[in-house]
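**Q** here is a sequence with its predicted model. Questions after.
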Amino acid sequence: GAGVSQTPSNKVTEKGKYVELRCDPISGHTALYWYRQSLGQGPEFLIYFQGTGAADDSGLPNDRFFAVRPEGSVSTLKIQRTERGDSAVYLCASSQPRETGELFFGEGSRLTVL
Amino acid sequence: AQTVTQSQPEMSVQEAETVTLSCTYDTSESDYYLFWYKQPPSRQMILVIRQEAYKQQNATENRFSVNFQKAAKSFSLKISDSQLGDAAMYFCAYRIGGAGSYQLTFGKGTKLSVIP
């Protein structure tokens, strides 16, 4: 596609529920990143995919968070047993897999946990 | 661990004037990149300018320029001839160089208002 697409744009859920957030990167970009941006903060790294594999998941806060990219394109961030502290904007970015590759960000998914 | 600090939560500038946003960072690495990103209300992070640490020359992109002071670990952004469309959150970010995960470390941001 023309840019990084994220769905849903906004998601409201109840504490304890399961949530999936989707990211469709720019065509041909093999590198994909998830970031979390809490209110009043800069984005914080969650996970990095190179192709289908998670090359760096050191930013995932706990085992309730999981992300997949089964075919090396679309990625899904999955959050189990959501907590109010999970409320944030979840940003996805993609790039070419080279050192100077610019990150292109989507418009994010705003998650609100009631 | 690398940290990025933006000490100005909010700044304002008169339209057509010049404003400078501050950023300092802490790293023990010698090979790294620094960035300024703009985030309008649409939430999409947009790259404004990039600086490679090995380059002594300050990066410029049209009305945007940086003052990169490597020894002081300072990386400020200057916006000249400010326009209403420049109003946004601005984030300074750091990334280590070399192969591997190209994750960015962001500061907390500076909210820039442009006064007509």
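**A** Looks like it arrived, so ask away.
**Q** what residues does chain A have near chain B?
**A** A:31, A:33, A:35, A:40-45, A:48, A:55-56, A:59, A:89, A:91, A:93, A:95, A:99, A:101-103, A:105-108, A:110 (C-beta under 8 Å from any C-beta of the partner chain). C-beta here means a position set from N, CA and C on the backbone, and glycine is covered the same way.
**Q** weed out the non-buried ones from those.
**A** By neighbour count, with 16 or more other C-beta atoms under 10 Å in any protein chain shown, the residues of chain A next to chain B hold A:31, A:33, A:35, A:42-45, A:48, A:56, A:59, A:89, A:91, A:93, A:95, A:103, A:105-108, A:110 as buried.
**Q** how close does the residue in chain B that chain A sits nearest to get to A:Phe65?
**A** Using C-beta to the nearest C-beta, the single residue of chain B nearest to chain A is B:Phe106, 3.1 Å away. From B:Phe106 across to A:Phe65, the span is 19 Å (C-beta to C-beta, to the nearest Å).
**Q** again, but for A:Ser9
**A** With C-beta to C-beta as the criterion, A:Ser9 and A:Phe65 are 20 Å apart.
**Q** equivalent analysis for B:Ser22, please.
**A** For B:Ser22, the distance to A:Phe65 - C-beta to C-beta - is 33 Å.
**Q** enumerate the residues of chain B near chain A.
**A** Near chain A, when you scan chain B using C-beta under 8 Å from any C-beta, you find B:4, B:42-47, B:50, B:91, B:93, B:97-109.
**Q** run the last query once more with 7 Å
**A** B:42-45, B:47, B:91, B:97-98, B:101, B:103-104, B:106-109 (C-beta under 7 Å from any C-beta of the partner chain).
**Q** could you flag which of the residues you listed are buried?
**A** Buried residues within the residues of chain B next to chain A, counting neighbours by 16+ other C-beta under 10 Å: B:43-45, B:91, B:97, B:101, B:103-104, B:106-109.
**Q** which one among those residues gets closest to B:Asn67?
**A** Comparing those against B:Asn67 with C-beta to C-beta places B:Gly107 closest, at 16.0 Å.
**Q** Provide a list of residues in contact with the closest residue to chain B within chain A.
**A** Of all residues in chain A, A:Gly42 sits closest to chain B, at 3.1 Å by C-beta to the nearest C-beta. Neighbouring residues of A:Gly42 by C-beta atoms under 7 Å, 6 or more residues apart in numbering or on different chains: B:91, B:106-109.
**Q** excluding chain neighbours, what is closest to it?
**A** Of all residues not flanking A:Gly42 in the chain, B:Phe106 sits nearest, at 3.1 Å (C-beta to C-beta, 6 or more residues apart in numbering or on different chains).
**Q** the one you found touches B:Val4, doesn't it?
**A** Yes. The pair B:Phe106 / B:Val4 is scored as a contact, 6.2 Å apart, by C-beta atoms under 7 Å.
**Q** identify the contacts common to those two.
**A** By C-beta under 7 Å, 6+ apart, the residues touching both B:Phe106 and B:Val4 are B:Ala93.
**Q** hmm, B:Leu84 is touching B:Ile115, no?
**A** No. Using C-beta under 7 Å as the test, B:Leu84 is too far from B:Ile115 to be in contact (9.1 Å).
**Q** perfect, that will be all.
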